[in-house]
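> I need the structure of the sequence given here:
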Amino acid sequence: MTEQLADKQCVPCRGGVPPLKGKELEKLQQNVPKWMVYDEHQLHREFKFPDFVQALAFVNRVGALAEEQGHHPDILLAWGKAGITLWTHKIDGLTESDFIMAAKIDRLSGA
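Take a look at the predicted model:
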């Protein structure tokens with residue numbers, strides 16, 4: 001299913017949609033098992049790299065993907081690592097698009 005999620009396109013949220021909760025949220029999270037769900041509100045994953053240059057290159061690829069999808073994560077870049085946090089700001093919670101973006105980022109990372 002991760003591949004199926006990664007093949008979908010993020011859909012811009014216009015608001016008025018309830019954030020995912022409970023079983024529906026758990027089911028989607030199973031498709032991106034390396035991502036942690038915090039308080040049914042955000043998805044987060046840490047990526048490790050051997051140096052700053054490779055971490056920066058990954059962050060730049062994630063940034064290009066975010067622009068392409070119109071879905072922009074919070075990104076923390078540090079020496080040898082990158083932290084990515086996703087949620088849909090318009091509804092202050094998680095939507096399927098957050099999981100689609102997580103699957104696409106996993107694909108970029110080779111995970």
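> can you pull the buried residues of the longest helix belonging to the chain?
Counting by DSSP state H, the longest helix found in the chain is helix 52-69. By 16 or more other Cβ atoms under 10 Å, the buried positions in helix 52-69 come out as Ala55, Phe58, Val59, Val62, Leu65, Ala66, Gln69. Just so you know, the C-beta spots here come from the backbone N, C-alpha and C atoms, and that holds for glycine as well.
> Same list (the residues you listed) but as a markdown table, adding pLDDT.
A markdown table is the format used below for the buried residues of helix 52-69 (pLDDT from 0 to 100):
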| residue | pLDDT |
| --- | --- |
| Ala55 | 97 |
| Phe58 | 97 |
| Val59 | 97 |
| Val62 | 97 |
| Leu65 | 96 |
| Ala66 | 95 |
| Gln69 | 93 |
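> For His44, state which of those residues is nearest.
His44 lies nearest to Val62 out of the buried residues of helix 52-69, by Cβ to Cβ, at 13.5 Å.
> what about the residue lying closest to that closest one once chain neighbours are set aside, which helix or strand?
For Val62, ignoring the flanking residues on the chain, the nearest one in space by Cβ to Cβ, 6 or more residues apart in numbering is Ile105 at 5.8 Å. Using DSSP states H and E, Ile105 falls within helix 96-109.
> And for the closest residue to Phe47 other than its chain neighbours, the neighbour number?
Spatial nearest neighbour of Phe47, excluding adjacent residues (Cβ to Cβ, 6+ apart): Ala82 at 4.8 Å. A count of neighbours around Ala82, defined by other Cβ atoms under 10 Å, yields 22.
> Point out the other helices and strands that the helix or strand where Ala82 lies packs with.
Ala82 is part of strand 81-86, with elements assigned from DSSP H and E. Counting contacts by 3 or more Cβ pairs under 8 Å, 6 or more residues apart in numbering; DSSP states H and E, strand 81-86 packs against strand 42-48, helix 52-69, strand 74-78, helix 96-109.
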